[in-house]
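Engineer: sharing a sequence plus its predicted fold:
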Amino acid sequence: MLTRKFFSLAFAQALLLAGCATTEAPSGGPEDKLPPRVAGIYPNPNSVNQSQELLVKVQFDEWISSTVPRSAISISPPIEKKLRFEVDGDLLTIRSNAQLDSNTTYTVTVASGIKDLHGNAVAKPFQLAFSTGPSIDSLFLKGRVMVTAAMIKQKQYPSVGLFLLGNERATRRYLKKYKDTTNVVPDSLPRLDFEPPLFVTQADSNGWFRLGGLRAGRYRVVAFVDVNGNQRVEPLAEWAGVGENDIVLSTDTKDSLWIALADQDTSLMSLETATQLGRNRLSTKFSRDIILDSSFTSLKNCRLTKMDSSRLFPINVYKSPKDADPIFLFNPAPLPDTTYVFSCNEARDSLQRGLDSRLNSFSLTWEKFSGDTLVAAVSATEPTGGSKNIFPDTPIDVAFNKPVIGDSLGERLVIVMNKDTLPAVVSRLDPTRFEVRAEKPWLTDAKVELLQMYADTTLKPADSTGFRDTVITMKSQNIVRFETIAKLKLASLEGKIPKGDIHTRVRLRSVENGQTVIAPCTMNGNFKLDRLMEGAYVVDYYRVKGETDSPYAGRLNPLDWGAPWRSPSDTLRLSNGTNTLDSLIQNLPPLP
């Protein structure tokens, strides 16, 4: 470990060698893909009687970037002024103009925002605890917070904070500027969406965390993705989650904490744009992706209104083939060169957040459109072309770039599976989308091709009388090709969740492709997931609240506790055939 003596000697040597020293980064050698690691620290971990002037030095095993984001370094308890960072090669120095409290244990966390010169980030948060008094608080909490695939991709891992409860809050200087203006001292309950937590740390890339240097007391636990690095929860911009209940921390505390995360933005949605598509279609965009439920697709929910208050209602509402934007089909078509106001009464997203009645309309002038005579063409398919490992019961979803008139599509489509030609069973989903299947599920280890047949007309050369005969040849155009899953790759997972019930869900996320599958439990906690491919997965299980199948992370304001959530393993590897959760993960933590 680095001591003050070490640093003093190093700095003295640096001054003596200043004339010939260089500040250039080391170069050469193989590409560096390893994260920087802490090689030395000052002051010593768990040291006591430290100065009330903050000075922390962290030496890494390689040079680090001079750009240090605010979210990369935190100190608990909070201090009244900002932290200042200085980088000199492999040495990071942390200071502040704030004076530390006396007889207080502080914990400095160095998190994933610290990167080396090749962009490799610190892999696991590092914590240094020290005390400005003769003793140091040594209690700790550990656990896991939910990490999504998007957080992993962005390398933005959640923070976990403890908010102090009770009368002791009145003794904390940092809380004075966050107190209710009607009170002389801070209230005994924290304002989770306003004040910073007393203790905070960052989880690693798998969501595991440890909060050390704690003292006994009552705390409220909140996890959040600290996007702006201010060590406070911003519900309108950051995912967050509230613990299952308050905790009383003591030397007898042994349980791990499990915290789910969710979007905490409770604001209403708005209609952002309405754009004409062709002669009689309108594309709309809302501030969030909406669900096309029966309330929204009701043909009286949305309309075009002219200046004379006459209304035109759609005959169909469907999802855009390329994104989640709703499209409205009108017949008769709106009048050209006419100003309309498009508006909707209701719209909801997946979290049941509604539409703001003050922001539910958009004005536009309908234009004359003469180039809408082209034949509808395929714009997208699911599975996409070249896909592999498609399951036998997966249909082909074919989307066209405009509504398809009539029901003759099924007569023009054929399926080729392993060179065998099969009839296509076609079902219309909406004006532009169709579901295509064979009469039986796809075979495993098969190559499947969907073809659209068309008649190609040519004229023969003229005969001696000058007559030219017409020749009609049936030809095919490829719509999509894909390969089904190999039989030896098929897997399933079954098991029993301790204390699970009909409100419990089991969720698997593929490490390889990020796809997620969810299964409900029976009243005894039993579940089964079929249609899986062997490989690595992240598994979690939880109790749901309401109609959603997602984990319930609670609410910050008004306070609502998060529902139980557990994720006991970093990765779960499934093999071909039936897998049992109990045999893959020993001693599954029960739901309360």
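Structural biologist: Structure's in. What do you need?

Engineer: how many residues are close by the closest residue to Lys81 other than its chain neighbours?
Structural biologist: Distances taken as C-beta to C-beta, 6 or more residues apart in numbering place Ala98 nearest to Lys81, at 3.8 Å, with adjacent residues excluded. For the C-beta atoms, the positions are set from N, CA and C on the backbone; glycine is no exception. Neighbour count of Ala98, defined by other C-beta atoms under 10 Å: 18.

Engineer: check Leu450 too.
Structural biologist: Quick note: Leu450 (other C-beta under 10 Å) scores 24 neighbours.

Engineer: name the element it belongs to?
Structural biologist: In this assignment (DSSP states H and E), Leu450 forms part of strand 447-459.

Engineer: so the following helix or strand past that strand versus strand 447-459, what angle?
Structural biologist: Downstream of strand 447-459, the next assigned helix or strand under DSSP H and E is strand 470-484. Calculated by axes from the mean of the first three to the mean of the last three C-alpha atoms, to 10 degrees, strand 470-484 forms an angle of 170 degrees with strand 447-459.

Engineer: I'd like the next helix or strand past the helix or strand of the chain with the lowest mean pLDDT.
Structural biologist: Every helix and strand in the chain was compared by mean pLDDT, DSSP states H and E; the lowest is helix 4-16, with a mean of 38. Moving toward the C-terminus from helix 4-16, the next helix or strand (DSSP H and E) is strand 38-42.

Engineer: can you show me the helices along the stretch 101-250 of the chain?
Structural biologist: For the stretch 101-250 of the chain, the helices defined by DSSP state H, counting those that start in this stretch cover 149-154.

Engineer: low-scoring pLDDT stretches of the stretch 251-400 of the chain, where are they?
Structural biologist: 371-372 (pLDDT under 70).

Engineer: could you rerun that using 90?
Structural biologist: The stretch 251-400 of the chain contains residues with pLDDT under 90 at 253-255, 266, 278-279, 320-324, 350-352, 369-377.

Engineer: follow-up on the earlier one: roughly how far does the residue nearest to Lys81 sit from Gln50?
Structural biologist: Per C-beta to C-beta, to the nearest Å, Ala98 is found 14 Å from Gln50.

Engineer: quick check: Ser569 touching Val539?
Structural biologist: Yes - Ser569 is in contact with Val539 according to C-beta atoms under 8 Å; the separation is 6.4 Å.

Engineer: how's this protein carved up into domains?
Structural biologist: 1-136, 271-366, 378-484, 487-584 (automatic domain parsing).

Engineer: excluding its backbone neighbours, what's nearest Leu413?
Structural biologist: Ala424 (4.0 Å).

Engineer: tell me the pLDDT at that neighbour?
Structural biologist: The score at Ala424 is 93. That number is its pLDDT.

Engineer: burial count for it?
Structural biologist: So Ala424, with other C-beta under 10 Å, has 21 neighbours.

Engineer: Glu411 versus that one, what's the distance?
Structural biologist: Taking C-beta to C-beta, one finds Ala424 at 9 Å from Glu411.

Engineer: before we move on, what about Pro36?
Structural biologist: Here the criterion is C-beta to C-beta. By it, Pro36 lies 64 Å from Glu411.

Engineer: is it true that Ala216 touches Asp252?
Structural biologist: No - assessed by C-beta under 8 Å, Ala216 is found out of contact with Asp252, at 9.9 Å.

Engineer: so for these two, which residue has more residues nearby?
Structural biologist: Taking other C-beta under 10 Å, Ala216 and Asp252 do not tie; Ala216 has more neighbours (13 against 7).

Engineer: which residue packs closest to the more buried one, ignoring adjacent ones?
Structural biologist: What sits nearest to Ala216 in space, not counting adjacent residues and going by C-beta to C-beta, 6+ apart, is Ser250, at 5.1 Å.

Engineer: does the one you found really touch Leu214, like I thought?
Structural biologist: No - under the criterion of C-beta under 8 Å, Ser250 is not in contact with Leu214, lying 10.3 Å apart.

Engineer: shared neighbours of these two, anything?
Structural biologist: Leu139 (C-beta atoms under 8 Å, 6 or more residues apart in numbering).

Engineer: neighbour count winner among these two?
Structural biologist: The neighbour comparison of Ser250 against Leu214 (other C-beta under 10 Å) goes to Leu214, with 21 against 10.

Engineer: so what does Tyr541 look like in phi/psi?
Structural biologist: Torsion angles at Tyr541 (phi, psi; degrees, to the nearest 10) stand at phi -140, psi 150.

Engineer: ok, it touching Arg507?
Structural biologist: Yes - with contact taken as C-beta under 8 Å, Tyr541 and Arg507 are classed as touching, separated by 7.0 Å.

Engineer: more crowded one of those two?
Structural biologist: Tyr541 (28 against 20).

Engineer: select, out of the domains of the chain, the one closest to Arg232.
Structural biologist: domain 1-136 (9.3 Å; C-beta to C-beta).

Engineer: got the end-to-end distance for stretch 156-168?
Structural biologist: Chord length of stretch 156-168, first to last residue, is 33 Å (C-alpha to C-alpha, to the nearest Å).

Engineer: tell me how far it is from the chain's mean position?
Structural biologist: Put simply, stretch 156-168 sits 22 Å off its chain's centre (C-alpha atoms, centre = their mean, to the nearest Å).

Engineer: could you pull out the buried residues of that stretch?
Structural biologist: 156-165 (16 or more other C-beta atoms under 10 Å).

Engineer: show me what the mean pLDDT comes to for it.
Structural biologist: In this model, stretch 156-168 carries a mean pLDDT of 92.

Engineer: how about stretch 410-420?
Structural biologist: When pLDDT is averaged over stretch 410-420, the result is 90.

Engineer: tell me the gap between it and the middle of its chain.
Structural biologist: 38 Å.

Engineer: paired strands for the strand holding Leu450, with orientation please.
Structural biologist: strand 413-417 (antiparallel), strand 470-484 (antiparallel) (DSSP bridges).

Engineer: tell me how far the longest one lies from the chain's centre.
Structural biologist: Distance, stretch centre to chain centre, for strand 470-484: 40 Å (C-alpha atoms, centre = their mean).

Engineer: put the alpha carbons of that strand into PDB.
Structural biologist: Output in PDB follows, covering the C-alpha atoms of strand 470-484 (Å, rounded to 0.1, in the frame of the first residue of the first chain):
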ATOM      1  CA  THR A 470     -47.700 -13.900 -75.900                       C
ATOM      2  CA  VAL A 471     -45.800 -16.300 -73.500                       C
ATOM      3  CA  ILE A 472     -46.600 -16.200 -69.800                       C
ATOM      4  CA  THR A 473     -44.000 -17.800 -67.500                       C
ATOM      5  CA  MET A 474     -44.400 -18.100 -63.700                       C
ATOM      6  CA  LYS A 475     -41.300 -16.900 -61.900                       C
ATOM      7  CA  SER A 476     -40.500 -16.400 -58.200                       C
ATOM      8  CA  GLN A 477     -39.000 -13.600 -56.100                       C
ATOM      9  CA  ASN A 478     -37.300 -14.300 -52.800                       C
ATOM     10  CA  ILE A 479     -38.900 -12.600 -49.700                       C
ATOM     11  CA  VAL A 480     -36.800 -14.200 -46.900                       C
ATOM     12  CA  ARG A 481     -34.400 -17.100 -46.200                       C
ATOM     13  CA  PHE A 482     -33.600 -18.400 -42.800                       C
ATOM     14  CA  GLU A 483     -32.300 -21.500 -41.000                       C
ATOM     15  CA  THR A 484     -34.100 -23.300 -38.200                       C
END
